[in-house]
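> quick one, structure for this:
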Amino acid sequence: MRVKIGICYYDSNSEYASLFNNDVIIEYAKSIPSVEQVWIGKVLELTASDLASLFKSSGVEKIVIAGDYPGLIKNKIDLAMKLAGLDHKKLALASFSEHALFNGQSTEMAKAVLLCAVNGLDFREVAKPGHNTVNKDTLVIGGGIAGIQASLEIANGGQKVYLLEKSGTIGGHMAMFDKTFPTLDCAACILTPKMVDVGQHPNIELITYSELKEVQGDAGDFKVKINKKARRVNISTCIGCGNCAEKCPRKAASEFDADTSLRKAIYIPFPQAVPNKYLIDADNCTYVENGKCGVCVKICPVPDCINLDEKDSEIEINVGNIILATGFKVFDAKKIERYGYGQFPNVLTSLEFERLINAAGPTEGNITYRKKDKKGNWVFKEGNGEPQSVGIIHCVGSRDENNNKYCSKVCCMYSLKLAHLVREKLPDAIINEYYIDMRAFGKGYEEFYERIKTEGINMIRGKTATIKQKGEKLLLRSEDMLNDRMLEDELDMVILAVGLEPANKASELAKMLKITQDGNGWYNESNSLSDPVNTNSGGVSIAGLCQGPKDIPDTVAQASAAASRVLQNIINNKVEKSVFDLSFKDIENRVNELITEVKS
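Numbering: from 1, shown residues only. Reported below is the predicted structural model:
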């Protein structure tokens, strides 16, 4: 006997809503033979009691909630079914957003998800695109801690890895940090041994100062073109003596020091860089600009090591699997004008402060004011004086309707860490933490928060309104929710705990690799619960912060998981094709086959 089904079509108006043609999906829902009724719009805003009456009068036996986020009304529909005397176990969800199916065929795939839910089938089990054999070589894109971990796992499994990094060294953001929370371990002490392992591993080919240009082929057999930017210094012959940098007349802002210091146009990104070789910043090299200078060539003790006329080149590789570990960028604090970043020299971002307190930073770890040097550059240097009052503002660019609505997860914890380090270096300083909510979510994090509260840190709950310059001081105006008052604090320095955003060119890479992004630009995993490292594009996995904000332990865990999936593909000599290769008709035919099998 045919089960009568009712569909509650719920449009939550989320960031995904515009991807689906609701009218087309609703018309299709009505056409499914077993569907008796489709409820949409304001009908779903009725009370559970009124919905129960609708369910009862329609004669339906099973309810399917369909939409971008159907779980948001699950409890109410569940209650309505109980009130209507229906078996609430016959409630199914057709979640379009859960399956990350937005690659130009969102509406068709939403219909497929709905069809599976109506027939009591798991979409993932139905939408099996088949397999290809696998080229055993793997490309890992991004040389931060996620890319390093994934590369080492695969290489230690006896397989060849190409590790592609756009900058002159691997290490990523973690190399810039002083300490890690909650243990306060030295970040470099954890990271640099892994970097060295990558540089020396016989199964890892390191391709730095290069970017992905083109990807062709299919899962298991990708043909990849890489643009290898001209370093203008021969890695094989450079001895890293530093004579060139010593005599180079041009300076530029140091990316590794988050622009808090200056470096030469010919430089090693940081002392523990891998490869530990010099490269030339073409954008700031006098010779590249006008053909003059060339002092580095004259002073270099190794013949033909520096070639100022070297051009970019292109290399091609074949791989079977690709892991994306492209990381993140920090929120541009200049977007929130009321905080005065970029106007007031001693309002700085958390990443800038990380470099300031680092023993390998511009002041050897001493906290100083930012002042102009003789040439007018704003820099931190010893002798600039020490602040005696420091404010740290949480959620800058995160949990903000005008910028990023999501929580960046790590800001609370790294803000607490920075407060501890300020107290350690400036024992008598006034330290204020301005937070909205405290999100100490990980192992040992709540204990770390409790520890910080005993160190004389003023914890002020409430949103910060403005920062203004008042003579030599910064006047910070904020609310104090717990004491029901407004505050005006005069401080010497303010640190903005900026949130995390998808890396530059994230969308460009997504199109190249045919993977999808959520409404905020983070890469979509295949399934957040059952398959958090694969994507719907066959042979492409994701690891670390390119998928969304997370801390270092979670990043390392996901990188290891992505590596294990790659090794699994290699061992089995097969990799699943892209789900996007399937059409709605393919899935519909498979559903009909399964229904026939069950009936027979």
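> packing partners for the strand or helix carrying Ser57?
According to DSSP states H and E, Ser57 maps onto helix 48-58. Packing partners of helix 48-58 (3 or more Cβ pairs under 8 Å, 6 or more residues apart in numbering; DSSP states H and E): strand 35-40, helix 74-83. (Glycine included, C-beta is placed from N, CA and C.)
> please identify the buried residues of the first one?
If I follow you right, that is strand 35-40. Under the neighbour-count criterion of 16 or more other Cβ atoms under 10 Å, strand 35-40 has 35-40 buried.
> distance to Gly171 and pLDDT for those residues - can I get that in JSON lines?
Converted to JSON lines, these look like this (distance: Cβ to Cβ, whole Å; pLDDT from 0 to 100):
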{"residue": "Val35", "distance to Gly171": "55", "pLDDT": "93"}
{"residue": "Glu36", "distance to Gly171": "60", "pLDDT": "92"}
{"residue": "Gln37", "distance to Gly171": "58", "pLDDT": "93"}
{"residue": "Val38", "distance to Gly171": "54", "pLDDT": "95"}
{"residue": "Trp39", "distance to Gly171": "54", "pLDDT": "95"}
{"residue": "Ile40", "distance to Gly171": "52", "pLDDT": "93"}
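> from these, which is closest to Ser564?
Of all the buried residues of strand 35-40, the one with the least separation from Ser564 (Cβ to Cβ) is Val35, at 41.1 Å.
> low-confidence ranges in the stretch 451-600 of the chain?
Filtered on pLDDT under 70, the stretch 451-600 of the chain yields the residue ranges 598-600.
> please, where are all the helices along it?
For the stretch 451-600 of the chain, the helices defined by DSSP state H, counting those that start in this stretch cover 506-513, 552-572, 584-599.
> what's the most buried one of those?
Of all the helices of the stretch 451-600 of the chain, helix 552-572 carries the top mean neighbour count, a mean of 20, counting by mean count of other Cβ atoms under 10 Å.
> which outside residues touch it?
134, 136, 138, 145-151, 153-154, 157, 159, 174, 180, 220, 320-321, 323, 325, 442-443, 532-534, 539, 541-545, 547, 550, 575 (Cβ atoms under 8 Å, 6 or more residues apart in numbering).
> likewise for stretch 59-73?
With Cβ under 8 Å, 6+ apart, stretch 59-73 has contacts from 3-12, 14, 16-17, 20, 25, 29, 36-37, 44, 55, 74, 77, 81, 86-87, 90-97, 110, 113-114, 117-118.
> restricting to C-alpha, output that stretch in CSV.
Taking C-alpha atoms only, stretch 59-73 is exported to CSV below (Å, rounded to 0.1, in the frame of the first residue of the first chain):
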residue,chain,number,x,y,z
GLY,A,59,-4.5,12.1,5.8
VAL,A,60,-0.7,12.0,5.5
GLU,A,61,1.3,9.3,7.2
LYS,A,62,4.8,10.6,6.7
ILE,A,63,6.3,14.1,6.8
VAL,A,64,9.4,15.3,4.9
ILE,A,65,10.9,18.7,5.8
ALA,A,66,12.8,20.0,2.8
GLY,A,67,14.8,23.2,2.4
ASP,A,68,18.2,24.8,2.9
TYR,A,69,18.1,24.3,6.7
PRO,A,70,15.1,22.0,7.4
GLY,A,71,16.4,21.2,10.9
LEU,A,72,15.4,24.7,12.1
ILE,A,73,11.7,23.7,12.2
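> going by neighbour count, list what's buried in that stretch.
Buried-residue list, stretch 59-73, by 16+ other Cβ under 10 Å: 60-70, 73.
> so which of those residues is the closest to Gly391?
The shortest gap between Gly391 and any of the buried residues of stretch 59-73 belongs to Tyr69, at 37.3 Å (Cβ to Cβ).
> ok, which stretches of the stretch 251-400 of the chain are helices?
Applying DSSP H, counting those that start in this stretch to the stretch 251-400 of the chain gives helices spanning 286-290, 295-299, 350-357.
> among these, show me which one is buried the most.
Ranked by mean neighbour count under mean count of other Cβ under 10 Å, these are led by helix 350-357, which reaches a mean of 24.
> show me how far it is from its chain's centre.
Relative to the centre of its chain, helix 350-357 is centred 20 Å away, using Cα atoms, centre = their mean, to the nearest Å.
> equivalent analysis for stretch 573-593, please.
Relative to the centre of its chain, stretch 573-593 is centred 29 Å away, using Cα atoms, centre = their mean.
> just the terminal-to-terminal distance for that stretch.
28 Å (Cα to Cα, to the nearest Å).
> so which of the buried residues of stretch 59-73 belong to strands?
The strands, defined by DSSP state E, take in 62-67 from these.
> can I get these in a markdown table with distance to Pro269?
Shown next, in a markdown table, are these (distance: Cβ to Cβ, whole Å):
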| residue | distance to Pro269 |
| --- | --- |
| Lys62 | 60 |
| Ile63 | 58 |
| Val64 | 54 |
| Ile65 | 51 |
| Ala66 | 50 |
| Gly67 | 47 |
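> okay, and the beta partners of the closest residue to Tyr10 other than its chain neighbours?
Among residues not flanking Tyr10 along the chain, Gly67 sits closest, at 3.9 Å (Cβ to Cβ, 6 or more residues apart in numbering). Taking DSSP bridges as the rule, Gly67 bridges to Tyr10, Ser95.
> tell me the pLDDT at Gly67?
Note on Gly67: pLDDT of 90.
> from Glu36, how far out is it?
Distance of Gly67 to Glu36, given as Cβ to Cβ, to the nearest Å: 19 Å.
> quick check: end-to-end length of stretch 40-55?
OK, stretch 40-55 end separation, Cα to Cα: 13 Å.
> same check on stretch 274-284?
End-to-end distance for stretch 274-284, by Cα to Cα: 22 Å.
> got the contact list for that stretch?
With Cβ under 8 Å, 6+ apart as the test, stretch 274-284 has contacts from 168-171, 195-196, 198-199, 206, 208-209, 230-233, 235, 238, 240, 242, 244-245, 250-252, 265-268, 288, 296, 306, 308.
> show me how to select, in ChimeraX, the buried members of those residues.
A single ChimeraX command selects the buried members of those (16+ other Cβ under 10 Å):
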select :168,169,170,171,195,198,199,206,208,209,230,231,232,233,238,244,245,250,265,266,267,268,288,296,306,308
